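Q: Make a model of this:
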Amino acid sequence: MHRALAAGAAWQAAAAHVADSPQLQAYCEHLSFSYATGAPSAQMLEASAAQARSRQRHQAERAAGELGVKMMLPLGTCFLPAFILIGVVPVILSMLPEALGL
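A: Alright, predicted model coming up:
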């Protein structure tokens, strides 16, 4: 993109070089304001990087929350029935003759 701008291409034509990368497009959108107004680009890139880090952290926290829910499925389908069959049923069966008076 820098080479295209240095060669005299318009901003839209130069920005087409990063169209296939969503991360670079976000930075490109922030830099377009800097390019149009002459504002310092370092501050724009720092703000864009802070937004990207915040978005990534939010996605990681959401994925961690979803993982906790997904981990309950094996517990409910495997461990709890096994505990009932191995731990609870034998205790009940051993108490059954005494309860029935046999």
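Q: and the one helix or strand His58 maps to, which residues are buried?
A: If you go by DSSP states H and E, His58 is part of helix 41-74. Of the residues in helix 41-74, 44, 48 count as buried by neighbour count, 16 or more other Cβ atoms under 10 Å. For the C-beta atoms, the positions are set from N, CA and C on the backbone; glycine is no exception.
Q: now for that helix, which elements pack on it?
A: Contacts defined by 3 or more Cβ pairs under 8 Å, 6 or more residues apart in numbering; DSSP states H and E place helix 41-74 against helix 22-37.
Q: how many degrees apart are the helix it packs on and helix 41-74 in direction?
A: Counting by axes from the mean of the first three to the mean of the last three Cα atoms, to 10 degrees, helix 22-37 points 160 degrees away from the direction of helix 41-74.
Q: Count the neighbours of Gly76 for me.
A: 9 (other Cβ atoms under 10 Å).
Q: and what of the one 4 residues further on?
A: Using other Cβ under 10 Å, Leu80 has 11 neighbouring residues.
Q: next one: the one 10 residues further on
A: Other residues lying near Pro90 total 10 when counted by other Cβ under 10 Å.
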